[in-house]
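Undergrad: Pasted the sequence and its predicted model underneath.
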Amino acid sequence: MITANIVVLLVWSVGLSGNVHGVNGKQLFWAEDIPVEMVSFGACEADGYLYLHGGHKGKAHTYSKEHHENVFLRAKIKPRGEWEKLQPGSPAQGYAMVSYKGQILKVGGSQATNEPDEDHNLHSLDLIELYDPKKNKWSVRGMLPEPRSSHEAVVIGDKLYVVGGWDFGNGREAWLGCISADLTEKELKWTTLPEMPIDRRAFSITHDDRYIYLVGGMDDQGTLNDFDFYDTKNKEWARGPKVPTKGGLKAFGSAAGYLEGNVYASDAGDVLHRYDLVDEKWHEAGKLNAARFFHRIVCYSGDVFVIGGTSRKTGAVHSIEKISVEKNSPRVGVLDGAHWPGFRGDGSSLTAAKNLPTKWADKDVKWAQNVEGYGQSSPVVFNGRVFVTSVIGDNKESLGVHCYDLKTGQNAWSKIVENSNHQKISDYISKGAPTPCVDENGVYCFFETGQLLAIGHDGEIQWQRSLTKEYGDFQGNHGVGTSLVQSSDHLVLLIDHSADGYLLKLSKKTGENSWKIDREKRVSWSTPVIDATVSPNQIVISSNGIVEGVSFKNGRQLWSYLGVEKNTIPSATVTHDLILVGSSVKPSSIALPRDKAGSITKDQVSWTAENATSSMSSPLVVGENVYYVSRAGVLSCNDLKTGKQLWDHRLPASCWATPVGAGDAIYYFCKEGSTVVMKNERSGPVELAKSKLDIEGPVYGVAVVDGAIVMRTGSQVVALLN
């Protein structure tokens, strides 16, 4: 541990609430008495640690081997830990540093090896180093195609993207474009990406799971406040609105980060800017206590950390400012609009999808496909493909997984798997009810017959197993309807039925158990939610008489509440402060606090929803409102802070599928084919549109992505495209 040689780090908490922001106060976060300069340096988060690797120190534009701050530090973010001094990598500045599967990549940069009294030989590097925290050791991961500095890099999935910058001091000054490489390959093989809208260096970068966002920098003409983004799926660039900077530096030497549907950017001034991916506008997110540039932003668990840098007025800035997105922010859990990867999207039923249809008739259906067999699962969407499951035959003799092109409806493949655990089809038992999960590696499917399998995007089975053969048949009058939920590397499955149940965490890659926790008898169709915004990460379960949180790491119960009834179908909905529980009886539609441990008592319940129930769909939170739909099709809008009913409204029918929030519009997909689009409004119900499709059977589930709404009935998949 470092006890003396430590950076002075002051943390200021800034609250964000829509467009209203203010300083709530200051606190010491990590603080000692000897500063370490962090300018043109590297910063990233990995496994809950903040890593900082030094860059330049001393007077600006002075370069020598003595002007590299070659120190490497890390500290636990939550709960805050002390700084640890680690083995540093090669001395450099103007490099990119990113995390990948718990390890650290340090990409390129520039280095000077001359003495302070000699002419400088600052030059770009082509080295990529890899740090293994378990060994506290750096190694060479590979080489760039050419030396590069003043650039940036991100990792999306298993792909490293290196963007912009230049080759300096190696006999030339040459602008460089964008390249990518697959990190799963032992030897990096580089692919050249489409040309950027403009050359740039000294800019900042951030990303979500599809788009790369570039902020500011400079080109041959001077400083920039341009905002561009790259679509990694369609491999094309687009230009956004310019960052509203002030002063001649614009967004030169800026820092950027992504958090919950927003891009945060800090220029050389004291303003933290926020770009909302839903309304596609820049907003002022707050004021920093210290203006800075050539700094970094790291986002983690609802917080934005603005780190180090330098000021034109005061020189090096020895502080980290922590900006906490205000609790109950409407951006928490919002999918980016490119994918709908699982049940309720990602467990929130919120999406930033753009260009959605709002009103339609039968003639507006882009395509409809009959699905072999019958299914009550929701569709999932990934990379322009729709996936659904079905059971086939009067006794579920076969199980189907079907893949369709989102734009055309063409069947890309169907995988039919023989089922040895026959169950007679009836209207009283689940029929292909569990919804699959999908990611970049494939689709993961569970059936109420016990079959569990992973299928690659080529339609080939990667692994499969039978839970009923391993652990016994599922018991009960109505079958099993719980769906898989996923993290980046694991699946979670809850089996609550009339016999002793269990909770499973298993590897996506192999299908093998990470752990299995036995549970007492409890009949339920509800699906858990993985909460990755708290430490330790939790699995939140609302299931027939109990609401509980268990550790994602080991399955150990962290907290529980037993005073609830009839919470057998709706899943829990997690906000910053609260866990919302849906139930078919009014006293049990409640809100529980997120900050409790152990047994939660009735007097610790935050509130009970006034005149509201959720029979099949789960509670939906949009902004400061929570929406419930009863078995009779009565929509109730309640206040998120108090649970008091603001208004109610009769829908054409009830909803099997949970409503979907897209910006300020909420889509209610009624069972009989009607869809009502309403405004997120506290003062009273505002219908924006109402449509009806002539379909057979209930609408069991939906998927909503950019420009598309996909509905699922028992025997059909229907797509509406803009």
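TA: Received it, and whenever you're ready, just let me know what you need. Small disclaimer: the values here were computed from a predicted structure and weren't measured.

Undergrad: Could you use CA atoms for every contact and neighbour count after this?
TA: Will do.

Undergrad: the helices in this protein, which residues?
TA: Assigned by DSSP state H, the chain shows helices spanning 467-471.

Undergrad: correct me, but Arg594 touches Thr573?
TA: No: contact criterion C-alpha atoms under 8 Å: Arg594 and Thr573 do not qualify, at 11.4 Å.

Undergrad: shared neighbours of those two, anything?
TA: Shared contacts of Arg594 and Thr573 (C-alpha atoms under 8 Å, 6 or more residues apart in numbering): Ile579.

Undergrad: neighbour count winner among the two?
TA: Legend: neighbour count by other C-alpha atoms under 10 Å for Arg594 and Thr573, higher for Thr573 (25 against 17).

Undergrad: So for the nearest residue to the more buried one once chain neighbours are set aside, what's the pLDDT?
TA: Nearest non-adjacent residue to Thr573, counting by C-alpha to C-alpha, 6 or more residues apart in numbering: Leu580, 5.0 Å away. On pLDDT, Leu580 comes in at 97.

Undergrad: what about Leu580, distance to Leu452?
TA: 29 Å (C-alpha to C-alpha, to the nearest Å).

Undergrad: which of the two has more neighbours?
TA: Leu580 (29 against 19).

Undergrad: That one touches Pro570, doesn't it?
TA: No: with contact defined as C-alpha under 8 Å, Leu580 does not reach Pro570; the gap is 10.1 Å.

Undergrad: hey, what's in contact with both of the two?
TA: Pro619.

Undergrad: how about the closest residue to Val480 other than its chain neighbours, what does it touch?
TA: Counting by C-alpha to C-alpha, 6+ apart, Val480 lies nearest to Glu448, which is 5.2 Å off, once chain neighbours are set aside. The contact partners of Glu448, taken as C-alpha under 8 Å, 6+ apart, are Ser430, Lys431, Gly432, Ala433, Pro434, Phe474, Gly479, Val480, Gly481.

Undergrad: Kindly state the beta-bridge partners for the residue nearest to Thr573.
TA: When bridges are called by DSSP bridges, Leu580 pairs up with Thr573, Ala591.

Undergrad: Low-confidence bits of the stretch 401-550 of the chain, can you list those?
TA: 535 (pLDDT under 70).

Undergrad: Could I get the pLDDT score of Glu129?
TA: Value listed for Glu129 in the pLDDT field: 98.

Undergrad: any idea how far Gly169 is from it?
TA: Distance, Glu129 to Gly169, using C-alpha to C-alpha: 21 Å.

Undergrad: circling back: could you save the contacts of Glu448 as TSV and add columns showing distance to Gly347?
TA: Supplementary listing: the contacts of Glu448 in TSV, determined by distance: C-alpha to C-alpha, whole Å:
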residue	distance to Gly347
Ser430	21
Lys431	22
Gly432	20
Ala433	16
Pro434	14
Phe474	25
Gly479	22
Val480	19
Gly481	16
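
Undergrad: Inside strands: which ones of the residues you listed?
TA: Counting by DSSP state E, no part of those is found in strands.

Undergrad: right, and out of the residues you listed, which lies closest to Thr351?
TA: Pro434 (21.3 Å; C-alpha to C-alpha).

Undergrad: doesn't Tyr444 make contact with that closest one?
TA: No: Pro434 is beyond contact range of Tyr444, at 10.8 Å (criterion: C-alpha under 8 Å).

Undergrad: Now the common contact residues for these two.
TA: Shared contacts of Pro434 and Tyr444 (C-alpha under 8 Å, 6+ apart): Leu484.

Undergrad: State the mean pLDDT of stretch 216-225.
TA: 96.

Undergrad: can you check stretch 606-622 too?
TA: For stretch 606-622, the mean confidence score works out to 94.

Undergrad: Determine how far it lies from the middle of the whole chain.
TA: Computed by C-alpha atoms, centre = their mean, to the nearest Å, the chain-centroid distance of stretch 606-622 equals 24 Å.

Undergrad: cool, stretch 69-87 as well?
TA: Centroid displacement of stretch 69-87 relative to its chain, using C-alpha atoms, centre = their mean, is 25 Å.

Undergrad: try stretch 67-77
TA: The answer for stretch 67-77 is 27 Å, by C-alpha atoms, centre = their mean.

Undergrad: try stretch 236-251
TA: Here stretch 236-251 shows a centroid-to-chain-centroid distance of 25 Å under the convention C-alpha atoms, centre = their mean.

Undergrad: buried residues in it?
TA: Buried residues in stretch 236-251, counted by 16 or more other C-alpha atoms under 10 Å: Trp237, Gly240, Lys242, Val243, Thr245, Leu249, Lys250, Ala251.

Undergrad: what do you get for stretch 367-374?
TA: Within stretch 367-374, the residues that qualify as buried are Trp367, Ala368, Val371, Glu372, Gly373, Tyr374, counting by 16+ other C-alpha under 10 Å.

Undergrad: The last one is in contact with Ala433, isn't it?
TA: Read that as Tyr374. No: contact criterion C-alpha under 8 Å: Tyr374 and Ala433 do not qualify, at 9.4 Å.

Undergrad: Low-confidence ranges, the stretch 151-300 of the chain, go.
TA: Along the stretch 151-300 of the chain, segments meeting pLDDT under 70 span 278-279.

Undergrad: As a quick check, tell me the outermost residue of this structure.
TA: Asp117 (49.6 Å; C-alpha atoms, centre = their mean).

Undergrad: mind checking how far it is from Gln93?
TA: 19 Å.

Undergrad: Count the neighbours of Gly545 for me.
TA: Gly545 has 17 neighbouring residues, counting by other C-alpha under 10 Å.

Undergrad: check contacts around it.
TA: Contacts of Gly545 by C-alpha under 8 Å, 6+ apart are Leu562, Gly563, Val564, Glu565, Lys566, Asn567.

Undergrad: what separates it from Met616, distance-wise?
TA: Look at Gly545 and Met616: by C-alpha to C-alpha, they are 16 Å apart.

Undergrad: Next: Gly142.
TA: Gly142 is 52 Å from Met616, by C-alpha to C-alpha.

Undergrad: Give the closest residue to Ile546 in space, chain neighbours not counted.
TA: Using C-alpha to C-alpha, 6+ apart, the closest residue to Ile546 is Leu562 (4.6 Å).

Undergrad: Need the pLDDT of the one you found.
TA: 95.

Undergrad: That one contacts Val547, doesn't it?
TA: Yes: here Leu562 reaches Val547: they are 6.6 Å apart, a contact under C-alpha under 8 Å.

Undergrad: These two: which has the busier surroundings?
TA: Neighbour comparison, Leu562 and Val547: the larger count goes to Val547, with 22 against 14 (by other C-alpha under 10 Å).

Undergrad: Who are the contact partners of that one?
TA: In this structure, Val547 makes contact with Val540, Ile541, Ser560, Tyr561, Leu562, Val564, Val581, judged by C-alpha under 8 Å, 6+ apart.

Undergrad: give the contact list for the spatially closest residue to the first one that is not a sequence neighbour.
TA: Read it as Val540. Nearest residue to Val540, sequence neighbours excluded (C-alpha to C-alpha, 6+ apart): Gly549, at 4.6 Å. Residues in contact with Gly549 (C-alpha under 8 Å, 6+ apart) are Gln538, Ile539, Val540, Ile541, Gln557, Leu558, Trp559, Ser560.

Undergrad: Out of the residues you listed, list just those in strands.
TA: Gln538, Ile539, Val540, Ile541, Gln557, Leu558, Trp559, Ser560.

Undergrad: Most neighbours among the residues you listed, which one?
TA: Within the ones in strands among the contacts of Gly549, neighbour counts (other C-alpha under 10 Å) peak at Val540, which reaches 26 neighbours.

Undergrad: Write down the beta-bridge partners of it, one by one.
TA: Residues in beta-bridge contact with Val540 (DSSP bridges): Val529, Gly549.

Undergrad: Hmm, it is touching Phe552, no?
TA: No: the pair Val540 and Phe552 does not pass the contact test of C-alpha under 8 Å, sitting 9.4 Å apart.
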